[in-house]
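Asker: Got a sequence here, can you model it:
(one chain, ligands or ions: 1)
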Amino acid sequence: MTVIDGKKISEEIQNEISAEVKKIRSSGGKIPHLAAVLVGNDGASETYVGGKVKACEKVGFKSTLVRLPGTVSENDLLKKIAELNCDNDIDGFIVQLPLPKHISDRKVIETIDPKKDVDGFHPVNVGRMALNLPSYLPATPYGILQLIERYKIETTGKNCVVIGRSHIVGSPMSILMARNAYPGNCTVTITHSKTKNLKEICLSADILIVALGKAEFLTADYVKQGTVVIDVGITRVKSDKTKSGWKLLGDVKYDEVAPKCSFITPVPGGVGPMTITALLMNTLKASKMEIYT
Ligand code: GUN
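Answerer: Below you'll find the predicted structure:
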């Protein structure tokens with residue numbers, strides 16, 4: 001059994017990006033520039049956006065944090081997005097979700113120029129992904145593909161079962177694993193809360209991607225010997241064994257599932273560290289105009 005080290009791979013990729021930024025800098029090229037829009041002051045969103053800005057600094061990108069009050073009108077947010085679309089110095093930007101209830105996520109996402117949509121959430125990027133055309137891939141699925149690739153995990157002809165159909169992880173992951181590409185070429189089953197015989201379906205999986213957001217949901221009786229298990233869950237629970245008083249749990253009951261796996265991602269230190277790195281990869285692509293030439 002191999003434990004997939006997302007922290008290590010993430011550092012490797014960030015080092016590769018830093019080296020590329022150094023080259024760009026020494027040849028007088030344009031430094032990649034990511035902007036993040038944060039509406040209101042939700043604690044988790046603050047942490048995520050803070051992590052994205054810090055990662056930009058680490059690899060030598062420029063970053064801009066646009067803070068708007070939670071009371072901002074939908075119209076004013078859309079105007080800000082239109083400004084960022086036109087700002088030639090900004091290569092890509094994200095609007096951190098969730099947004100306050102009075103603002104439509106859909107309208108916001110559809111206002112972002114697909115060429116700057118480094119989250120890969122715009123319908124144009126989702127459609128291009130489904131058609132196997134160059135597109136920005138959403139960060140978590142893109143990070144998972146990197147892990148599969150860098151650990152040289154065989155995917156062709158394998159049965160891949162995805163648990164969860166969110167627009168951010170489950171749905172794009174199922175599209176990507178079915179594409180005629182590497183990683184890909186799997187026979188994919190996407191499952192969700194209405195699925196019957198979930199255990200039976202999971203037992204047919206060679207690759208199991210678990211993204212339903214329920215701590216320690218997946219137990220050993222759902223997993224056959226030799227399966228690749230990718231755990232996308234992160235739930236914070238109280239713990240009297242850690243200094244902070246909190247610990248993170250994945251969607252997989254790690255201690256009993258891991259011994260049955262060929263590969264497994266731990267929580268923390270598996271998929272989590274890859275998501276920001278994938279956003280940096282998309283931002284570099286945006287600055288090099290790799291996707292939309
Ligand atoms: N909220 C949780 N994950 C994400 C993400 O990947 N991008 C954005 N914009 N918001 C999020």
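
Asker: Residue 161: neighbour count?
Answerer: For residue 161, the count of nearby residues is 26 (other Cβ atoms under 10 Å). For every residue, glycine as well, the C-beta is placed using N, CA and C.

Asker: ok, it touching residue 204?
Answerer: Yes: between residue 161 and residue 204 there is a contact under Cβ atoms under 8 Å: 7.0 Å.

Asker: Could you name every residue contacting both of the two?
Answerer: By the contact definition Cβ atoms under 8 Å, 6 or more residues apart in numbering, residue 161 and residue 204 are jointly contacted by residue 189.

Asker: In this structure residue 36 contacts residue 96, no?
Answerer: Yes: contact criterion Cβ under 8 Å: residue 36 and residue 96 qualify, at 6.3 Å.

Asker: Compare the two and say which is more crowded by neighbours.
Answerer: residue 36 (23 against 19).

Asker: Let me see the contact set for that one.
Answerer: Taking Cβ under 8 Å, 6+ apart as the test, what residue 36 contacts is 49, 52, 53, 63, 64, 65, 66, 93, 94, 95, 96.

Asker: mind redoing it with 10 Å?
Answerer: Shown in contact with residue 36 (Cβ atoms under 10 Å, 6 or more residues apart in numbering): 45, 48-50, 52-53, 56, 63-67, 92-96, 118, 279.

Asker: Residue 54 now?
Answerer: 63, 276.

Asker: in the helix or strand harbouring it, what's buried?
Answerer: For residue 54, the host element (DSSP states H and E) is helix 43-59. Neighbour-count burial for helix 43-59, counted by 16 or more other Cβ atoms under 10 Å, picks out 45, 48, 49, 52, 53, 55, 56, 59.

Asker: for stretch 188-195, same thing?
Answerer: Buried-residue list, stretch 188-195, by 16+ other Cβ under 10 Å: 188, 189, 190, 191.

Asker: In strands, which of those fall?
Answerer: Judged by DSSP state E, the subset of the buried residues of stretch 188-195 located in strands is 188, 189, 190, 191.

Asker: of those residues, closest to the ligand?
Answerer: Nearest to the ligand among these, counting by Cβ to the nearest ligand atom, is residue 190 at 19.5 Å.
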